[in-house]
Every structure is written in C-alpha cells, then in structure tokens.
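Quick check, what structure comes out for this input:
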Amino acid sequence: MADAFVSALFSTILNNLASLLRKEVRLAASLKTDLESLHRTFTTIQAVLHDAEQKQWKSEAIKIWLRDLEQAAYDLEDVLDDFKSEARGSGIKVSTFFSLQNPLLFRLNMARRVKTAREKVDAIAEERIKFHLEAGVGEAAIEGNNERETSSLVNESEVFGRADEKGELVSMILGNASHHDHDDLSVYAICGMGGLGKTTIAQLVYNDEDVAKAFDLRVWVCVSDDFDVKRLTKAILESIEGMPCHIQELDPLQRRLVEKLVGKRFFIVLDDVWNESLEKWDRLKQALQSGGKGSAVIVTTRLEKVALMVGTVPFHRLGCLSDDDSCSLFKQKAFGMGTSEGNADLETIGRQIVRRCGGVPLAIKAIGSILSSKRQESEWLHVRDSEIWDLEDEASRMLAVLRLSYEHLPSYMRQCFSFCSIFPKDYVMRKDELIGLWMANGFIPSGGPLDLHDMGCEIFSELTRRSFFQEINKDNDGSVTCKMHDLIHDVATSIKGYECCVIEPGERLKIPKTARHLFVHRSSSSTNIIDLSKLPPLRSLILDSNSYFLCNISNPSNFISNQKHLKVLDCGGKFSNTSFKSLKHLRYIRLYHSDVNALPESTSCLPNLQTLNLQWCRNLQMLPEGLKNLKNLRYLDLRGCSRLTSMPVGLGELTCLRKLSNFIVGKEKGGGIDELKELDLEEELSITGLCNVKNSIEAKNANLIKKQNLRSCGEAVIMNMELMKRSLMLSNLLQA
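Below is the predicted model of the structure:
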C-alpha cells in the first residue's frame with residue numbers, strides 16, 4: 001500500500017514546487033508552465049488520496065494506481081533533489097541557477113527532466129477519473145493524546161483474564177521443582193494463535209516472585225523462526241554469564257553450558273518457537289538435561305506440532321478472552337486511567353466492537369488505542385461499521401483489524417511505521433537509530449515547533465502507546481530498544497513489503513524493481529545471489545553486521561557509488577575505499593565495526609548528512625579535515641574508536657549537532673575545548689586530551705555546566721576539569 005508515502009511525498013514536493021514558484025526569479029516560460037502544472041496536478045490528486053486508500057483494499061486496480069503514482073512522485077523528487085544539490089554544490093544561488101542567466105544547465109537538465117516528470121504524472125493522474133474517487137475525504141483527525149502512564153514491564157494489573165492460567169502454570173512448575181526425586185527436565189508448552197498473549201503468560205510466570213525464589217537461574221530467549229542450536233546455546237550462556245560469549249563451535253559451547261547448569265535448578269523460557277525438527281530440539285535439550293532436579297522450560301509456539309514435540313506434559317492451549325475480560329481490556333485502552341462513566345453510548349458501541357475482535361487481546365488493544373483519543377459517537381460508529389469485519393478468513397480479518405490502527409495514524413506516522421517492515425521479524429530496533437533513519441528518508445515533518453529529533457521521539461512514543469512497538473527496554477546507558485509483534489510486522493509488510501525488501505540468510509532471490517529500501521540479514525554463508533545489474537535505485541541500504549552481501553560484489557565501492565539517490569548507508573566491513581562524492585543525497589552513514597582507518601575527504605562534501613555513526617571502528621585514526629562543512633550534522637558517534645587521537649578543527653561550527661559521543665581536546669586553534677561552547681549537546685559526552693586545556697578561562701568557556709540536556713559528561717571529566725583549574729591557579733600563584 002502506498003498512500004502514506006504518496007501523501008508525504010506530495011507534501012514535500014508541493015512545498016518544493018511552491019518555493020520555486022514563490023521566488024522572484026525569471027524562469028523560462030516552458031519550465032514555469034510545467035512547474036505550475038505539476039503543482040496543480042499534485043494538489044488535485046492529494047484531495048482524493050485518502051479515498052483511494054480506503055478503496056484500494058477491495059480494488060487491485062486502485063492499489064496498482066497508487067503504486068504507479070508513488071513511483072512517479074519519487075522520480076520527480078529525485079529531479080528536484082538533484083537540482084537543489086547541484087545548485088548548492090556549484091555555489092550558485094537558487095534564484096540564479098533556475099533563471100535564464102544559466103541557460104545551459106537550465107535547458108539541458110531542468111527543462112527536459114521536469115517535462116518528462118510532468119508528462120508521467122499527468123498520464124497517471126488522468127486515470128483517477130475511472131475510479132470515481134471523491135475529493136475532500138480527509139484523513140481522520142488525530143486529536144491530542146491523553147497523557148497516561150505506560151510501561152514495558154509486565155504488570156498483572158494490566159493483564160485481564162489470565163490469572164487462572166498463570167496460577168495453573170506456576171503451580172505445576174513449583175510442584176515439580178519441590179519434588180527432589182523428579183529427575184527429568186520438565187517442558188511446558190503454551191500454544192495458540194498470534195496475538196492471544198502467549199508471551200504475556202510466559203512473562204507473568206517468569207516474573208512471579210515464588211518462581212524467582214525457587215530457581216537458581218532464570219533465562220529468557222526469543223527464538224523466532226531461526227532455531228539455530230549454536231545461536232540458542234550461546235544466548236543461554238550469555239544470559240547466565242552476563243557477558244558476550246566468543247566461542248564459535250557448538251561442542252565447546254554446549255560443554256560450557258553444561259558446566260554452568262550442573263547442580264543448578266534453572267527456569268528457561270524459549271519464546272516464539274517455530275522449529276518442527278525433533279533432531280534440532282534434541283540437540284538443544286541434551287545440554288539442558290544436565291541441570292539440577294526440578295529444572296523447567298516453557299516453550300511458546302503457534303504450532304500444535306511443536307507443542308506436542310517438546311512438551312513433557314500436555315500442552316496448554318491458550319484461549320480467547322471472555323466478553324467481560326475483553327471489555328475490561330478495551331476500557332483500559334480506550335478510556336485510560338479515566339472512567340467510562342458519562343459515556344454510556346460509547347460504552348455500548350464499544351461492547352459491539354469488542355465482540356467483533358473475537359477475544360484476541362492484540363486486536364482489542366489495537367482498536368482501543370485507536371478510539372482512546374476519540375469521543376465523538378460518529379467516530380466510534382465508523383469503526384464499528386467498517387467493512388473489515390466482513391472478511392471471512394480469520395487471519396485476514398485479524399490483519400484488517402490491526403490495519404485499522406494504521407489507518408488512524410497521521411500520514412507521516414504511517415510511513416514511519418510501515419518503513420519498519422525493512423527489518424526482519426523479531427529484530428531488535430534501537431530508538432535513536434530508528435529516528436535517524438526516519439529523518440534521513442524525510443518521513444518526519446519539519447516546520448513545527450519541535451526539532452526533528454524531538455518530533456521523532458514523539459512519533460516513537462505514540463507508536464508505542466498504540467501497541468505498534470512492544471518489549472520496550474532501556475539499557476544502563478539510556479539506549480532504548482523495541483520490537484514489533486509478528487502480526488504487527490505482517491501489517492507493515494502488507495503495506496510496504498513491495499518497497500522494503502529483506503534478504504534473509506541463504507535466500508536466493510531477485511530484488512523487485514519497486515524496492516527502494518534494502519536490508520540484508522546476517523548470514524553464515526555467502527549464498528545470497530543478487531542480480532545487481534537490475535538493482536533499482538535505492539534510498540536505503542542496510543547491511544547487517546555479519547552479512548556476506550559484499551562477497552557477491554566484485555567492486556563494492558563502485559556499487560555503492562553508483563547508488564546516486566541513496567539517503568541511508570548502514571554497513572560495516574569493506575568500504576574503506578568508497579568515495580561519497582557522487583552520493584550527494586546521503587543523510588545517514590553508519591559504518592559499525594568497519595575496518596576503515598580513515599574516512600574519505602569526500603565525506604565532508606555531503607551537505608545533507610545528518611548522522612555519522614562510526615561506532616567501534618577500532619582502526620579509525622582520523623576524521624575528514626572538512627568535517628566542519630557538514631552544517632546539517634546532528635549525530636556524531638565515535639564510541640569505541642580507540643585509535644582516534646585528534647578531532648578536525650572547527651567542530652564548534654556544527655551548530656545543529658545534538659549528540660557527540662567523544663571529543664578530543666587539541667592544541668591547535670579551533671581544536672580546543674572551547675569549541676564545545678555553542679553546541680547544544682544531549683545525552684553523554686566523553687572528553688579526552690584534557691592535558692591540552694591551556695587555562696581555566698578556556699575550560700570555563702566550554703560551558704559544560706550550563707548544557708542542561710547533557711545527561712552525563714562523565715564524573716571523571718568534571719573532576720579533572722576542577723582539578724585542572726585549581727592546578728592552573730596554583731601555578732600562576734607560584735610564578736608570581
């Protein structure tokens with residue numbers, strides 16, 4: 001589905017067109033006519049987009065029309081982006097660049113490309129007539145949020161109708177644990193369709209106080225569809241030891257695990273298991289059987305075959321919620337911490353809606369979240385009377401129910417959510433990286449009272465509040481991570497799967513021509529075969545840290561350089577010789593764990609760059625001298641760059657910089673600690689090279705104390721700064 005991206009693209013393009021037409025410049029008559037025509041056409045189409053969105057679910061023709069429209073919009077955006085960048089790179093004012101004073105560039109490029117784009121858009125726009133789309137069918141108004149507390153932790157007061165099932169499982173587990181003659185490993189399987197709350201039940205049991213006291217070790221592992229015995233063994237070991245495990249072979253891994261489990265009563269949850277291979281299960285179980293008496297494992301799965309295969313007792317089939325429990329859950333989501341009193345009519349309609357959710361908690365939460373900001377009876381009736389409830393297939397109906405949540409998001413929030421289909425299922429997404437990717441692709445609207453990053457935080461919080469994101473975790477360093485439920489991921493894929501392409505380990509596939517965002521998952525072997533000659537113009541290329549994607553490319557540097565419309569490049573490995581000169585649209589670079597020892601100087605020629613993440617580039621020794629030219633740079637992450645000994649001068653000129661992980665104080669002018677003075681930095685900052693601070697005035701000029709948004713500058717830094725000032729004062733006294 002393309003509507004959210006089309007709508008957002010249209011808004012961006014309309015703003016760009018209006019900006020050009022507003023400027024008092026002398027445009028050639030034909031160019032001005034084409035620009036004005038495009039502006040009118042885009043305005044006309046924008047009026048019917050929402051109606052097209054609603055009708056596309058029952059009309060394949062409308063769905064295809066929206067996709068064609070999106071591709072045409074992308075092409076036009078590329079034209080406008082290219083010319084803005086060319087004008088900026090040439091040092092020519094836009095008003096001069098687009099005028100008759102610059103006829104060569106104007107005639108050969110602008111006029112031809114704009115005309116081609118205009119003809120393509122006109123042809124597609126003309127087709128809308130046959131669909132009888134209605135103008136003025138606007139997006140549902142998104143009202144202000146009712147603030148109320150949310151938590152990523154399992155809280156029994158937020159779970160309805162599962163107390164008996166939790167109690168039954170806890171009783172069985174503790175009963176077996178207390179029998180010292182019970183030698184066999186007990187495996188309890190929880191089975192049920194997606195969205196019923198299997199993970200929630202397992203979390204409730206896992207966090208039960210009596211369970212915690214009864215076991216020496218507790219381990220939680222998310223398995224998903226990748227039942228790799230080596231990976232799971234390592235995950236269990238790392239959970240027990242609390243540190244990364246670098247053993248690569250299965251036999252020593254399992255021997256190490258046996259050593260840790262011998263004599264220990266453990267409780268392990270294997271969440272979301274799809275593996276139907278008895279051989280794989282037995283290989284994992286063999287190591288687990290070395291634990292102490294009364295040890296237990298819970299397995300959650302959607303597949304009855306898996307439950308029968310692993311369970312040592314009859315599996316627990318999780319049922320749907322009762323009507324009363326469903327209504328209680330719905331009320332909590334729809335009315336929050338408030339009350340439904342005084343909303344008798346809404347409560348009646350709500351009960352009718354809840355009955356259609358079939359007692360599935362995920363669907364109930366999704367619908368409740370939609371209606372939480374709506375108090376008009378007509379809005380609730382619109383949801384109750386939606387055509388999605390008429391679908392006969394239960395799985396289709398479930399996806400349709402969840403799509404309702406999507407449809408009630410603002411267009412910019414819809415594209416932020418659906419972009420997440422670029423990640424595989426069960427992928428752990430980092431909040432800050434996600435916001436950086438949204439920003440780079442232009443999904444976050446600008447021009448409002450909030451900074452782009454702050455607006456991204458609001459979007460993340462809203463998607464979390466509406467249950468699109470779950471398992472929200474905050475690390476000790478403040479980093480926030482999340483996941484998407486499998487069904488929610490299915491919704492995102494159904495919307496944007498044709499444009500967000502994921503290459504899974506070992507897959508052999510042809511990337512669709514419609515792909516704009518490509519994610520290559522980590523793989524244990526270089527078996528991915530990709531027809532690079534037909535690779536479409538990408539906007540995002542994300543290579544997971546261990547991906548062998550590059551092994552199939554004879555010249556990876558040329559491959560990257562030829563992706564001229566790339567906005568996101570996230571990779572490690574072999575890009576030390578890559579020139580970014582032709583990638584003028586790049587906004588996001590992440591070279592995680594790369595072997596690069598120096599970034600190319602062409603990096604400083606990327607005027608749009610917002611994020612430069614060089615985390616754990618241990619060989620990196622220097623940054624580009626022209627780094628100060630990156631006026632739009634917001635994030636510079638240098639954590640783990642242990643061989644970096646200096647910073648380029650003029651860093652204080654990067655006034656958009658919000659996050660700077662490391663700063664090395666230099667001796668030369670423009671490299672001192674006072675470069676930090678005007679930077680409005682957030683979160684954590686590590687400062688080294690304090691021996692180069694010349695005097696207390698220079699130290700004071702860094703203005704660290706007044707940087708209210710800095711969560712931490714490191715106590716050692718502040719202490720050293722104070723000691724340095726005292727030492728300098730003493731030195732001055734002695735010299736006197």
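
Enumerate every residue touching the residue most central in space within the chain.
Nearest residue to the geometric centre of the chain (Cα atoms, centre = their mean): residue 434, 3.6 Å. By Cβ atoms under 8 Å, 6 or more residues apart in numbering, the contact list for residue 434 reads 420, 456, 460. C-beta: built from backbone N, CA, C; applies to glycine.

mind saving the C-alpha coords of stretch 479-486 as PDB?
Extracted in PDB, the C-alpha atoms of stretch 479-486 (Å, rounded to 0.1, in the frame of the first residue of the first chain):
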ATOM      1  CA  SER A 479      19.600   3.400  24.900                       C
ATOM      2  CA  VAL A 480      16.000   2.300  24.200                       C
ATOM      3  CA  THR A 481      15.200  -0.800  22.100                       C
ATOM      4  CA  CYS A 482      11.900  -2.300  20.900                       C
ATOM      5  CA  LYS A 483      10.400  -5.000  18.700                       C
ATOM      6  CA  MET A 484       7.300  -5.500  16.700                       C
ATOM      7  CA  HIS A 485       4.800  -8.300  17.300                       C
ATOM      8  CA  ASP A 486       4.800 -10.700  14.400                       C
END
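
how about it: buried residues?
480, 481, 482, 483, 484, 485, 486 (16 or more other Cβ atoms under 10 Å).

Kindly reformat the residues you listed as JSON lines containing distance to residue 245.
Compiled in JSON lines, the buried residues of stretch 479-486 are given as follows (distance: Cβ to Cβ, whole Å):
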{"residue": "480", "distance to residue 245": "25"}
{"residue": "481", "distance to residue 245": "20"}
{"residue": "482", "distance to residue 245": "25"}
{"residue": "483", "distance to residue 245": "22"}
{"residue": "484", "distance to residue 245": "27"}
{"residue": "485", "distance to residue 245": "28"}
{"residue": "486", "distance to residue 245": "27"}
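
hang on, the earlier thing: want to throw the contacts of residue 434 into a markdown table with neighbour count and secondary structure?
Output for the contacts of residue 434, formatted as a markdown table (neighbours: other Cβ atoms under 10 Å; DSSP: H, G, I helix; E, B strand; the rest coil):
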| residue | neighbour count | secondary structure |
| --- | --- | --- |
| 420 | 24 | helix |
| 456 | 22 | helix |
| 460 | 23 | helix |
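
wait, which of the residues you listed is closest to residue 398?
residue 420 (18.8 Å; Cβ to Cβ).

Could you verify my assumption that residue 118 touches residue 34?
Yes. Contact criterion Cβ atoms under 8 Å: residue 118 and residue 34 qualify, at 4.6 Å.

any idea how far residue 592 is from residue 601?
22 Å (Cβ to Cβ, to the nearest Å).

Looking at those two, which is more packed in?
residue 592 (19 against 15; other Cβ atoms under 10 Å).

That one reaches residue 616, doesn't it?
Yes. With contact defined as Cβ under 8 Å, residue 592 reaches residue 616; the gap is 6.3 Å.

who touches both of those two?
Joint contacts of residue 592 and residue 616 (Cβ under 8 Å, 6+ apart) do not exist.

Contacts for stretch 536-544 next, please.
Counting by Cβ under 8 Å, 6+ apart, 78, 422, 437, 440-441, 511-522, 549-550, 560, 563-573 sit against stretch 536-544.

That one: end-to-end distance?
End-to-end distance for stretch 536-544, by Cα to Cα, to the nearest Å: 20 Å.

re earlier: which helix or strand contains the residue nearest to the centre of the chain?
helix 431-440 (DSSP states H and E).

And residue 445, by the same measure?
With DSSP H and E as the criterion, residue 445 is inside neither a helix nor a strand.

now the one 10 residues further on
When secondary structure is defined using DSSP H and E, the element that contains residue 455 is helix 452-465.

does residue 655 sit in a helix, a strand or a coil?
coil (DSSP: H, G, I helix; E, B strand; the rest coil).

how close does the closest residue to it other than its chain neighbours get to residue 625?
Leaving aside its chain neighbours, residue 655 sits nearest to residue 678 (6.2 Å; criterion: Cβ to Cβ, 6 or more residues apart in numbering). When distance is defined by Cβ to Cβ, residue 678 is 20 Å away from residue 625.

Over to residue 120?
Taking Cβ to Cβ, one finds residue 120 at 43 Å from residue 625.

who has more neighbours, these two?
residue 120 (17 against 12).

that older thread, and the residue nearest to residue 655, how many neighbours?
Residue 678 has 12 nearby residues by other Cβ under 10 Å.

how near is it to residue 657?
Taken as Cβ to Cβ, the span from residue 678 to residue 657 is 10 Å.

now swap in residue 43 and tell me
For residue 43, the distance to residue 657 - Cβ to Cβ - is 37 Å.

Isn't residue 415 up against residue 442?
No. Residue 415 lies out of contact with residue 442 (Cβ under 8 Å); the separation is 9.1 Å.

Show me which of those two is the more surrounded one.
The neighbour comparison of residue 415 against residue 442 (other Cβ under 10 Å) goes to residue 415, with 25 against 20.
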